[in-house]
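[1] I'll drop the sequence and a predicted model, then ask my questions.
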Amino acid sequence: MSFSDLFDSGFKKRNEDHFAAIVRVAMNDGIITAEEKAFLDRLAHNLNISAEDYKIILKDYKSHPINPPLSYDIRLERLYDLARMVYVDHIKDDHEELLLNKIAVGLGFHPENVKYIVDKALTLVKNGVDLDTFMDEIKNMNR
């Protein structure tokens, strides 16, 4: 196995685990609504989850470990990616925002602050900021 194969498989596994964690959040109430399914479809595409892996993860999402990022920076990167996807796909509605709030809690953001953080994240993405600016702005919210 080459070094690049090792990197690719680790990246793929991380994306699958991240996707499975989001499926777990969506399944929190026991069902995946049509809106959540549409969101998951787009997310799977953006994370390069194959159709076969998508079906396996949906069927057996609990077999994937929940590994919320330990690093605050990685949490912010994932939030940035998700907020960008919501904004770019023009899918921000009450259902998507609620799911994004749930996912943010799953990423490790405190439930008391999550609505404010998600609102700020969506505003920053709407304003076209890059990742570094996004991270700085979110970090400076609490100061």
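    On my side now, so go ahead.

[2] next one: A83 from N15, what distance?
    Note on A83: its distance to N15, by C-beta to C-beta, to the nearest Å, is 17 Å. Using the backbone N, CA and C atoms, a C-beta is placed for each residue, glycine as well.

[3] of those two, who's got more company?
    Neighbour count, other C-beta atoms under 10 Å: between A83 and N15, A83 has more, with 23 against 17.

[4] okay, the closest residue in space to V23 that isn't next to it in sequence: pLDDT?
    Among residues not flanking V23 along the chain, Y61 sits closest, at 4.2 Å (C-beta to C-beta, 6 or more residues apart in numbering). For Y61, the model assigns a pLDDT of 81.

[5] and what of Y87?
    70.

[6] ok now the host helix or strand of it, how far from the chain's centre?
    Taking DSSP states H and E as the criterion, Y87 maps to helix 72-88. The chain centre lies 7 Å from the centre of helix 72-88; the measure is C-alpha atoms, centre = their mean, to the nearest Å.
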